[in-house]
Every structure is written in structure tokens, then in C-alpha cells.
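In: Give me coordinates for this.
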Amino acid sequence: MPSRHVARWSLVGLLVSAALTFGTLIAGPSYAADSAEIFVVQGLPGKVLDVSVDGDSVAKGVKTAEVAGPFKVAAGSRKVTFTSDGEVILERTFSVKANSSWDVVVHLPAQSSGKPLVTVFKNDLSAVPKGKASLTVAHVAAVPPADILVNGKVLFANIANGESLNLVVPVATYKVAIVPTGETEPVILGPVDLTVQGSSLNRIYAVGDPDKKTMTVAVHVIKLTTKGSGKPSKVNTGTGGQAVGQEPPLYVNLLR
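Out: Numbering: from 1, shown residues only. As a prediction, the model looks like this:
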């Protein structure tokens, strides 16, 4: 756990410079037969990376918190290689299914002294109701299991490095913060104001190392289709952690 003397810091200035909205909106995917679509999320602080898939260069000069792609790949087992100044940082093999979309994230482990990791997240491109957005928060920082606070409330608890959570929310601006599990300080991330884009999958990645003051967020937005105008009927808790409480829909409580 980061030491308690770690200064609280904020990304508000960063987000204000981006008009408190997420970056480039990427249209929903169109697939060729037996192909998948991947994006690369660069979560290593202080690195500029080149990326190859199966030996073919797909992106160069990808900076911290940047998202590269989309890249079309054949379904099945793929090998991604990350290099910096000609030196291989790491190589990993992962599998993707046809007609699907994935974020391939290179990031620090929970202990910053460890070697970099690659975690692959599947993008849920399900349609969302009008006026709503799909929001996914992923923990890929050099931090032990943490709690996610939204508008000051612990919405999801005990999210470990490499895990994510997802829920459908009304289009609005939310204050999001990350703290050690069961604690209120030190504040590892935020609180930051995040304005979700409607009819879209809004993926938020907490990356970096709070002890080295390199924490930041990577943001990836994919346009989705809409369905009807009703309220969302479920909350998907993602790949780990726990949704806190079983009260009426969590997206309602976010606005209180």
C-alpha cells in the first residue's frame, strides 16, 4: 500500500484542458470474417513504445496514457511485442475470438518493482439506452487492491490490479477517486471529474505509480448503438472486485 505520506494529487487540470470530456470518439467496429479488432493502451509511465503484432509493426511512438488502434487481426492466438529505443520491453501472447473487440493494456504490476504486464480486456459493445453510457473502470496501476469512489461513495470494493468493473450510467459528470481498500486515505487517484459520453463505451484506466507521482488516466471511448429509452436493467461488475450494496439500481444512487 502506498505510504500515508504520499501527497494527494489531482488530475483536474489535465481534464480541464480536455474540456472535461473524453478524447477522440472511435466508431463501433466492422469486422471481416474470422477477424477481431484490438486497441493498445500504453500504461507504462515515462515510456514511449513501438508496438508489433505477430512481428508486424502496428504503431510507433505511443506515449503514456495513449490509445492506439483499432488494428484488425485474425482470430486466435496473437503475439504482441513492445519495444522502446529498439529494446524489447516485453512480449506476450493472447487469444481473441472472431467478431470481437479488445483492449490490450501494457502496465505496471501491483508492486512497481515488478516487471511490466499485459492484460487483455474484452470490450462489451452491447447497445445502451438513450441518454445512458457504458462506463468501465480498470485498475492497472502499481497499487494493491483498492476501492472505487463515485461521487464520494464506495461503489466498488477491493478491485485488484488487472481487474475492471462496468456499469450503465446516465450521461453526466462524476467525481471518481481511488483509495486503498477499506481506507479513506491516501487518495491514490483523484478525485477527478469525468464526463461520460452517451451511447458509448467509456473505458477508464488508472495507470502509473503513486509513490513516484506518475499516476494518470488513460481514456478510451467507443461509439455504441442505442436501444429504446428505458432505464438500464442490470449492473455488470466486470472482471473483479465487488459491487457495494444491493439497493435499487446503482446508477440512480450515483446522482444523490
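In: Please enumerate the strands of the stretch 101-250 of the chain.
Out: 101-107, 117-122, 132-141, 146-150, 153-159, 163-170, 173-180, 189-195, 200-208, 216-223, 242-243 (DSSP state E, counting those that start in this stretch).
In: Quick one: closest of the ones you listed to Ser77.
Out: Smallest distance to Ser77 across these (C-beta to C-beta): 11.7 Å, for strand 117-122. C-beta coordinates here come from the backbone N, C-alpha and C atoms, glycine included.
In: so what does the closest one touch, helix or strand wise?
Out: Applying 3 or more C-beta pairs under 8 Å, 6 or more residues apart in numbering; DSSP states H and E, one finds that strand 117-122 contacts strand 87-96, strand 101-107, strand 132-141.
In: and the angle from the shortest one to strand 117-122?
Out: Orientation check (axes from the mean of the first three to the mean of the last three C-alpha atoms, to 10 degrees): strand 101-107 against strand 117-122 gives 160 degrees.
In: Strand 101-107 pairs with which strands, and in what direction?
Out: strand 35-43 (parallel), strand 117-122 (antiparallel) (DSSP bridges).
In: now the longest one, how far from the centre of its chain.
Out: Okay, so that is strand 35-43. Here strand 35-43 is found 12 Å from its chain centre; the criterion is C-alpha atoms, centre = their mean, to the nearest Å.
In: The nearest residue to Ser164 once chain neighbours are set aside bridge partners, please.
Out: Sequence neighbours aside, Ala138 is the residue nearest to Ser164 in space, at 3.8 Å (criterion: C-beta to C-beta, 6 or more residues apart in numbering). The bridge-partner assignment for Ala138, based on DSSP bridges, gives Ser164, Tyr205.
In: got a list of what Ala138 touches?
Out: By C-beta atoms under 8 Å, 6 or more residues apart in numbering, the contact set of Ala138 is Val105, Thr119, Phe121, Glu163, Ser164, Leu165, Arg203, Ile204, Tyr205, Ala206, Gly238.
In: swap in Leu224?
Out: Residues near Leu224 by C-beta under 8 Å, 6+ apart: Gly28, Leu125, Ser126, Ala127, Val128, Ser134, Ser199, Ser200, Leu201.
In: ok, Val58 touching Pro70?
Out: No. Using C-beta atoms under 8 Å, Val58 is not in contact with Pro70; the gap is 9.9 Å.
In: Do you know the pLDDT at the residue most central in space within the chain?
Out: In the chain, the residue lying closest to the centroid (C-alpha atoms, centre = their mean) is Tyr205, at 2.9 Å. We note a pLDDT of 95 for Tyr205 in this prediction.
In: Next one: it relative to Ser84, how far apart?
Out: From Tyr205 over to Ser84 the distance is 19 Å, taken as C-beta to C-beta, to the nearest Å.
In: Low-confidence stretches in the stretch 101-250 of the chain?
Out: 228-250 (pLDDT under 70).
In: Asn158 and Pro145 touch, don't they?
Out: Yes. Assessed by C-beta under 8 Å, Asn158 is found in contact with Pro145 at 4.9 Å.
In: so what's Leu201 bridging to?
Out: Counting by DSSP bridges, the residues bridging with Leu201 are Ser134, Ile222.
In: Then Val176?
Out: Val150, Val192.
In: ok, it - how many residues close by?
Out: By other C-beta atoms under 10 Å, 22 other residues sit near Val176.
In: residue contacts, it?
Out: Val176 neighbours (C-beta under 8 Å, 6+ apart): Val137, Ile148, Leu149, Val150, Leu189, Gly190, Pro191, Val192, Leu194, Ile204.
In: Which member of these is positioned nearest Lys79?
Out: Ile204 (27.3 Å).
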